[in-house]
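1. Provided below are the primary sequence and the corresponding predicted coordinates.
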Amino acid sequence: MFRIESKIDTTDSEFIRNKEEYGKILNTFRETLCNVKKGGPEQSVKRHKERGKLLARERIDMLIDRNTPFIELSSMAAFGMYNDEFPSAGIITGIGVIHGKETMIVANDATVKGGTYIKESIKKHVRAQEIAMENRLPCVYLVDSGGVFLPEQANVFPDKYDFGRFFFNQARLSAEGIPQIAVVMGSCTAGGAYVPAMSDETIIVRNQGTIFIGGPPLVKAATGEEVTAEELGGAEVHTSISGVADYLAENDVHAIQICRNIFESIERQEKQELNRRESIDPFYDPEELYGILPIDLKKPVDSHEIIARIVDGSLFHEFKERYAPTLVTGFARIMGYPVGILANNGVLFSETSLKGAHFIELCASRKIPILFLQNITGFIVGKQYERGGIARDGAKFVHAVANANVPKFTVIFGGSFGAGNYAMAGRAYEPRFLFMYPNAKISVMGGEQASGVLVTIKEDQMKAAGKVFPEEEKENLRKSILKKYEEEGSAYFSTARLWDDGIIDPVDTRKIIGLSIAISQNKEYKQTRFGIFRM
């Protein structure tokens, strides 16, 4: 491989100005994330601690191996929604290492509305289970939840991917031989009672954990029987009478130790073999990304410069370097792992699509994971390109992405617009993980293009009706569309709705993608079968 030769002058005034502007974006992100991670209101946190309970993230820190990373997913789920009363959607999910085994951890945050579930909490919980299934990760459920948030019941109960999907997934995970451990550290009510009941092994904390299909108020309403929560479904009941739980813990710390003890007997997964080498730091400083990444998405960015600050030694074996240069393709290593990279360097043409499809075929045949670096306005448009078959050639690219059976990872470092999002492994194409940078934007098209299209349509409608579209109304419509696209296209809007797996600091990309590749090794990479490529 050859080292990428950077053309960036880090002493240039434009680079320094861009870095300063990006620093402001990053500071906003860090401050926002810090506030979100505080959990529920101060009063709820205080009450939680007074009961002798650890906070959700404290529980996770104690559960995972010391001095090992925890990749938290969708930390800002539900951000800017529900009057910001559900930080992190009231649930923490992520991947940590327990006794050397990568594990999916799902932890309710009882300081947030009693750990109850809104639509985004459920989407986050289900996504965590999907990741566990895709990567054969054992699951730990740190349960402390009042179940469904009743005012939102119509949005969380009846549909295919609503609350009941948890238990469907638990059954499927079990059938796949993927271990699941539940630690009941608080309330576990109604349908939520099936989380411990469907786990392989269950731990419950004395005088703190409860499991019941119907709580005391429901029992009284249904049968007239008066019973306390502890008598109905406390730790003593479930460890000595019902047998629903297997281990009695005295407190959170004891429960976590029991969980760690269980992991000592869990069998290690056979790994997909990858030709890993010793990790080498990039030749160029990853912090230089702050001066390179696009703040104004209309300004082009050479994606070679991004790759050079992510891959080992800044070494890159470029594929078809001189052909269709608006898509950069090639092989590199990240944290020692081999990876194929597709990075946008402009709009997608027919030639670009063919190049991308060819490269994906190579990665799939060699069982090499693929990293997509997105900064894409979409496919080229116009009479010449339609006649040249851009739709047919673009379909080849999309077809290859959809069927490649190697792990795919996507990072949006700039814009992600239109069908370019699909071709570059957007959410609909099931990358193992999809992350965004704080400056990233995502929407069906850019705001200026959308406003131009919609203003033209409105103008044509008025003209057909024999009316004139006043310039002032035209400008107001244009501004309202631009404002809407600016808000709905932001990384914060996306991550709040779990269209991605989280916003990340650009300098963490190497670590996060390296860990993601390591996680993907827990499941064998299946042979890829492509369908019909229209020629």
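-> That came through, no problem.
2. looking at it, Ile122 is touching Tyr161, isn't it?
-> Yes - counting by C-beta atoms under 8 Å, Ile122 touches Tyr161, with 7.4 Å between them. Placement of C-beta: from N, CA and C, glycine included.
3. Between these two, which has more neighbouring residues?
-> Taking other C-beta atoms under 10 Å, Ile122 and Tyr161 do not tie; Ile122 has more neighbours (26 against 14).
4. who are the neighbours in contact with the more buried one?
-> Val156, Tyr161, Asp162, Phe163, Arg165, Phe166 (C-beta atoms under 8 Å, 6 or more residues apart in numbering).
5. now those in CSV, with secondary structure?
-> Putting these into CSV (DSSP: H, G, I helix; E, B strand; the rest coil) gives the following:
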residue, secondary structure
Val156, helix
Tyr161, coil
Asp162, coil
Phe163, coil
Arg165, helix
Phe166, helix
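6. just the buried members of the residues you listed?
-> Val156, Asp162, Phe163, Arg165, Phe166 (16 or more other C-beta atoms under 10 Å).
7. Low-confidence ranges, the stretch 151-300 of the chain, go.
-> Within the stretch 151-300 of the chain, not a single segment meets pLDDT under 70.
8. just the strands in it please.
-> Secondary structure of the stretch 151-300 of the chain (DSSP state E, counting those that start in this stretch): strands located at 180-188, 201-205, 247-249.
9. Make a markdown table out of these and add mean neighbour count and distance to Val328.
-> Listed next are the strands of the stretch 151-300 of the chain as a markdown table, based on neighbours: other C-beta atoms under 10 Å; distance: least, C-beta to C-beta, whole Å:
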| stretch | mean neighbour count | distance to Val328 |
| --- | --- | --- |
| strand 180-188 | 27 | 41 |
| strand 201-205 | 26 | 48 |
| strand 247-249 | 21 | 53 |
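10. between those, which one is nearest to Ile481?
-> Distance to Ile481, taken as C-beta to C-beta, is lowest for strand 180-188 among the strands of the stretch 151-300 of the chain, at 45.5 Å.
11. now the closest one, how far from the centre of its chain.
-> 24 Å (C-alpha atoms, centre = their mean, to the nearest Å).
12. State the number of residues packed around Ile457.
-> Number of residues near Ile457 (other C-beta under 10 Å) recorded here: 10.
13. typo on my end, Asp460
-> 11.
14. That one: which element?
-> Here Asp460 sits within helix 447-464, counting by DSSP states H and E.
15. Between the strands of the stretch 151-300 of the chain, which one is closest to Glu471.
-> Closest among the strands of the stretch 151-300 of the chain, once you apply C-beta to C-beta, is strand 180-188, at 59.9 Å.
16. Packing partners of that closest one?
-> If contacts are counted by 3 or more C-beta pairs under 8 Å, 6 or more residues apart in numbering; DSSP states H and E, strand 180-188 sits against strand 139-145, helix 165-175, helix 194-197, strand 201-205, helix 252-264.
17. Comparing those, which comes out most buried?
-> Among these, strand 139-145 has the highest mean neighbour count (mean count of other C-beta atoms under 10 Å), at a mean of 28.
18. how much distance is there from that strand to the middle of the chain?
-> So, by C-alpha atoms, centre = their mean, the centroid of strand 139-145 is 19 Å from its chain's centroid.
19. Contacts for it next, please.
-> Strand 139-145 has contacts (C-beta under 8 Å, 6+ apart) with 53, 56, 59-60, 63, 98, 103-110, 114-117, 128-129, 132, 173, 178-189, 192, 195-196, 199, 209, 259.
20. Partner strands of it, with direction?
-> In the sheet, strand 139-145 lines up against strand 101-108 (parallel), strand 180-188 (parallel) (DSSP bridges).
21. Tabulate the ones you listed in TSV, adding columns for distance to Thr352.
-> Formatted as TSV, the strands paired with strand 139-145 follow (distance: least, C-beta to C-beta, whole Å):
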stretch	distance to Thr352
strand 101-108	35
strand 180-188	44
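22. What mean pLDDT does the lengthiest helix in the chain get?
-> Counting by DSSP state H, the longest helix found in the chain is helix 13-36. Per-residue pLDDT values over helix 13-36 give a mean of 97.
23. Can you tell me the element the spatially most distant residue from the centre of the chain falls in?
-> What lies farthest from the middle of the chain is Gly466; by C-alpha atoms, centre = their mean that is 49.8 Å. Gly466 is part of no helix or strand when elements are defined by DSSP H and E.
24. And Gly94, its phi and psi?
-> phi 170, psi 180 (degrees, to the nearest 10).
25. Identify the bridge partners of it.
-> With DSSP bridges applied, Gly94 shows beta-bridge pairing to Glu72, Ile105.
26. Report how many residues lie close to it.
-> So Gly94, with other C-beta under 10 Å, has 23 neighbours.
27. Tell me the spacing between Glu459 and Asn476.
-> Using C-beta to C-beta, to the nearest Å, Glu459 is found at 13 Å from Asn476.
28. Of those two, give the one with the bigger neighbour count.
-> Higher neighbour count among Glu459 and Asn476: Glu459, with 15 against 11, using other C-beta under 10 Å.
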